[in-house]
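In: coords please:
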Amino acid sequence: MPKPRYAQVSLEATPYYHCISRCVRRAFLCGTDITTGECYEHRRQWLEDRLLELADIFAIDICSYAIMSNHYHVVLHINKNQAESWQFDDVIKQWHLLFSGTALSQAYIAGKKQGKAELDTLKEQVTVWRARLMDISWFMRVLNEDHCSGRFWEGRYKSQALLDEAALAACMAYVDLNPIRSAMAKTPETSDHTSIKRRIHFATKSLHPNYKNQQAHNLFPFIGNPRKAMSEGLPFKLSDYIELVEWTGKQMRNDKRSAIDENLPPILERLQLEADNWIYLNSHFESKLKGLVGSVFKLKQACNKLGYQRTVCKQSCEQFFP
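Out: Model prediction:
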C-alpha cells in the first residue's frame with residue numbers, strides 16, 4: 001500500500017522532490033496521439049506556461065521539468081525560507097492569485113475595518129494558506145486543474161525525495177533528457193518544453209551565464225558550490241550542468257550506448273559517481289529508484305526523520321550512490 005503523502009515529505013530530510021503526473025488511461029493530453037492521429041501539441045505549451053506561472057505564486061522553486069505527451073516530470077524545491085519571510089498581507093495576496101479567498105480576506109484587502117474576532121479568524125486562515133503555499137500536494141493539485149468536467153490527470157502523482165547532491169543532479173538530468181530518450185528530440189537545446197532548453201536559451205544570450213541574475217526566469221538558479229553566505233540555489237554551476245546533460249545525451253545515442261567517453265565532466269568526480277552508474281541512472285531513474293533517493297547515510301537520516309521502522313530503498317541506493 002502506498003504511504004500517505006505526509007509520510008513521504010520531510011523538509012528536515014530534504015527540500016527537493018521529483019514528481020511525475022500521468023494522464024488517465026495513459027491517454028494523449030499533449031503531442032500527437034499515435035492511435036487517432038489527432039495533434040494536441042499546443043497543450044504542452046499551456047502546461048509549461050502554467051508551471052512557470054505557479055513558480056511566482058508558491059514558495060516552491062522549479063529545478064527542472066519535461067512536458068511529455070501523456071505525462072510530465074518536475075523537480076521541485078520547497079522554499080521554506082521564502083514562505084516564512086512573507087508578511088501577513090503577502091500571503092493573502094499570493095493566495096488570491098490562486099483562489100478567491102474568503103469574505104474576510106476580500107474585505108481585508110479592500111481596506112474595510114475588521115474587529116478583533118474577525119482578524120483572529122483571518123490570522124488562522126493565513127497560517128493555513130502559508131503552509132499550503134509551500135506544500136507540493138497543493139502545487140500539483142493547482143497545476144493539474146483545468147476547470148473542466150472529468151479528469152485528464154491521474155488522482156495520485158508519484159514522488160521521489162532527493163536526499164543529496166548526487167541524487168539531485170542525476171534526477172534533474174534524467175528529467176531534462178526525457179525527450180531524447182523518447183526520440184522526440186536529438187539534442188538538449190531542441191528539446192521542446194523542457195527546463196534544459198529554457199536554460200540554454202537564456203545562457204546563450206547572457207554574458208555571464210553562471211551569474212544567478214542572468215539565468216532563466218522562473219527557474220531555481222544555479223549558484224555553483226554553495227557556501228554559508230550564499231543565497232539559495234542549486235549547488236552546481238550552470239555551465240557544468242549543461243555540459244553534463246550534453247555529455248549524457250551523447251552516451252544515450254544508439255551508436256554510443258556501450259562506449260563511455262574518457263573525457264568525463266568534472267562534476268561527476270565531485271559527486272563521486274561512476275560513469276556507468278550515471279548513464280544507467282539516466283535511463284532508469286524512475287523505475288529502479290523508489291520514494292527515497294540518495295546515499296545510504298542520507299537515507300538512514302531521512303527514514304529516522306520520517307519515523308520509518310526500517311531503512312527503505314537501501315539496496316538500490318547502495319548500488320548507485322556510494
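In: measure the closest residue to Asp164 other than its chain neighbours to Cys317 for me?
Out: With sequence-adjacent residues excluded and distances taken as C-beta to C-beta, 6 or more residues apart in numbering, Asp164 is closest to Gly294, at 4.3 Å. All C-beta atoms are positioned from the backbone trio N, CA, C, and that covers glycine. Distance of Gly294 to Cys317, computed by C-beta to C-beta, to the nearest Å: 6 Å.
In: for the residue nearest to Asp164, give me its contacts.
Out: Thr14, Ala161, Leu162, Leu163, Asp164, Ala166, Ala167, Ala302, Cys317, Phe321 (C-beta atoms under 8 Å, 6 or more residues apart in numbering).
In: just the buried residues from the residues you listed, in PyMOL please.
Out: To isolate the buried members of those in PyMOL, using 16 or more other C-beta atoms under 10 Å:
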select buried, resi 14+161+162+163+164+166+167+302+317+321
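In: among the contacts of Gly294, name the ones in helices.
Out: Cross-referencing these against helices under DSSP state H gives Ala166, Ala167, Ala302, Cys317.
In: what's the closest of those residues to Ala66?
Out: Nearest to Ala66 among these: Ala167, at 17.5 Å, using C-beta to C-beta.
In: any idea how far Asp276 is from the closest one?
Out: Separation of Ala167 from Asp276 (C-beta to C-beta): 17 Å.
In: and what of Arg22?
Out: Distance, Arg22 to Asp276, using C-beta to C-beta: 29 Å.
In: give me the more crowded residue out of these two.
Out: Arg22 (18 against 10; other C-beta atoms under 10 Å).
In: tell me which element the more buried one is part of?
Out: Using DSSP states H and E, Arg22 sits in strand 16-22.
In: paired strands for that strand, with orientation please.
Out: Note on strand 16-22: by DSSP bridges, its sheet partners are strand 71-78 (antiparallel), strand 158-162 (antiparallel).
In: mind giving me the packing neighbours of the helix or strand following the longest one?
Out: Following strand 71-78 in sequence order, the next helix or strand is helix 80-85 (DSSP H and E). Other helices and strands packing on helix 80-85, by 3 or more C-beta pairs under 8 Å, 6 or more residues apart in numbering; DSSP states H and E, are helix 116-132.
In: just after the helix it packs on, pick out the following helix or strand.
Out: Per DSSP H and E, the first helix or strand lying C-terminal to helix 116-132 is helix 136-144.
In: for that next one, buried residues please.
Out: Across helix 136-144, burial judged by 16+ other C-beta under 10 Å covers Ile136, Trp138, Phe139, Met140, Val142, Leu143, Asn144.
In: got it, and stretch 72-88?
Out: Those would be Tyr72, His73, Val74, Val75, Leu76, His77, Ile78, Asn79, Ala83, Trp86, for stretch 72-88 by 16+ other C-beta under 10 Å.
In: need the residues you listed in CSV (columns: pLDDT and distance to Ala216).
Out: Formatted as CSV, the buried residues of stretch 72-88 follow (pLDDT from 0 to 100; distance: C-beta to C-beta, whole Å):
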residue, pLDDT, distance to Ala216
Tyr72, 91, 18
His73, 94, 17
Val74, 96, 15
Val75, 98, 14
Leu76, 97, 16
His77, 97, 15
Ile78, 96, 20
Asn79, 96, 17
Ala83, 96, 22
Trp86, 97, 24
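In: contacts only, for Gln319.
Out: Contact partners of Gln319, counting by C-beta under 8 Å, 6+ apart, are Asn277.
In: distance of it from Trp129?
Out: Per C-beta to C-beta, Gln319 is found 42 Å from Trp129.
In: what of Ile196?
Out: For Ile196, the distance to Trp129 (C-beta to C-beta) stands at 33 Å.
In: more neighbours: which of these two?
Out: Taking other C-beta under 10 Å, Ile196 and Trp129 do not tie; Ile196 has more neighbours (29 against 22).
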